[in-house]
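In: Give the three-dimensional model of this entry:
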Amino acid sequence: MKVDINVDMGESFGMYTMGNDEAFMPYITTANVACGFHAGDPTVMKKTVALARKHGVQVGAHPSLPDLQGFGRREMKLTMEEIHDDMVYQIGALKAFVEAEGGMLHHVKPHGSLYGMMSRSREVSKTICEAILDIDRDLYLYTMKKGVAGEVAGEMGVRVVYEVFGDLGYDGEGNLVITRHHDAHQPEAVAARVLRMIRDRKVVTTTGAEIDIEGASVCLHSDSPGAVDLLKAVRRSLEGAGVEIAAPVK
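Out: From the prediction side, this is the model:
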């Protein structure tokens, strides 16, 4: 079994520091790099890409709604043209930094509320996929199996990587529970939960019910409390179970 570990990174901005990207890089296989709309700035983007290249980590764009103050976690009413153009703007900027470092952009993973909008709306999913195809037809789209995004992407010829979330909860219907701030978790509990999601394709929801889940990539967040310890525990647990940690081949 082969599993990818992806983490949202490059979320520092100007004089403000978010997460510890240097501590994360040795333990992950793909980095979702903020593109300036919810976090990050051009210099942080450049440095994060260089750090990823140093560690052999694949780089993906992590575009957002234009909500810097709300960290992209507030839903906004945008036209489909605005969403498309915002995606091209952000993905294209990061792609340029990756290529300047001699690499190739690997994937696109929308951030925060935009991720949820994509999961619920075929129209938003179609618009995001159109933006991806306009830039590079070989890019992967990272999304949950739950929702419409994967189906729409498949219809449009966009390659999909389904992911599960180690440090976020799922409600009774299998939707992600998105909060303004991530809760603290015990590393070994998160590791056991992730292993069960990957090996048994099961997860316990916030209601206490057990549901089916599917994913070939595990997402963790750099702004979760004790994030580096969570990441180390998850990787140790997966490798201990014989799982190969590797990014999808582009």
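In: Any buried residues in stretch 86-97, and which?
Out: For stretch 86-97, the neighbour count (16 or more other CB atoms under 10 Å) marks 86, 87, 88, 90, 91, 92, 93, 94, 95, 97 as buried. (Each C-beta comes from the backbone N, C-alpha and C, glycine too.)
In: contact partners of that stretch?
Out: Contacting residues not belonging to stretch 86-97 are listed as 33, 35-37, 42, 45-46, 49, 59, 61, 63-66, 78, 105, 108, 127-128, 131-132, 134-136 [CB atoms under 8 Å, 6 or more residues apart in numbering].
In: quick one: that stretch to chain centroid distance?
Out: Remark: stretch 86-97 is offset 16 Å from the chain centroid, using CA atoms, centre = their mean, to the nearest Å.
In: Render the CA-only coordinates of that stretch in CSV, please.
Out: Once side chains and other backbone atoms are set aside, the C-alpha atoms of stretch 86-97 remain, and they are given as CSV (Å, rounded to 0.1, in the frame of the first residue of the first chain):
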residue,chain,number,x,y,z
ASP,A,86,-8.7,34.0,-8.8
MET,A,87,-7.6,30.4,-9.3
VAL,A,88,-5.6,31.1,-12.4
TYR,A,89,-3.9,34.1,-10.7
GLN,A,90,-2.9,32.1,-7.6
ILE,A,91,-2.0,28.8,-9.3
GLY,A,92,-0.1,30.6,-12.0
ALA,A,93,2.0,32.6,-9.5
LEU,A,94,3.1,29.5,-7.6
LYS,A,95,3.7,27.6,-10.8
ALA,A,96,6.2,30.3,-11.8
PHE,A,97,8.1,30.0,-8.5
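In: before we move on, back to that, can you tell me which of the buried residues of stretch 86-97 end up in helices?
Out: By the criterion of DSSP state H, membership of those in helices covers 86, 87, 88, 90, 91, 92, 93, 94, 95, 97.
In: For the one helix or strand residue 191 maps to, name the packing helices and strands.
Out: Here residue 191, judged by DSSP states H and E, is contained in helix 187-199. Applying 3 or more CB pairs under 8 Å, 6 or more residues apart in numbering; DSSP states H and E, one finds that helix 187-199 makes contact with strand 159-165, strand 202-204, strand 217-221, helix 227-240.
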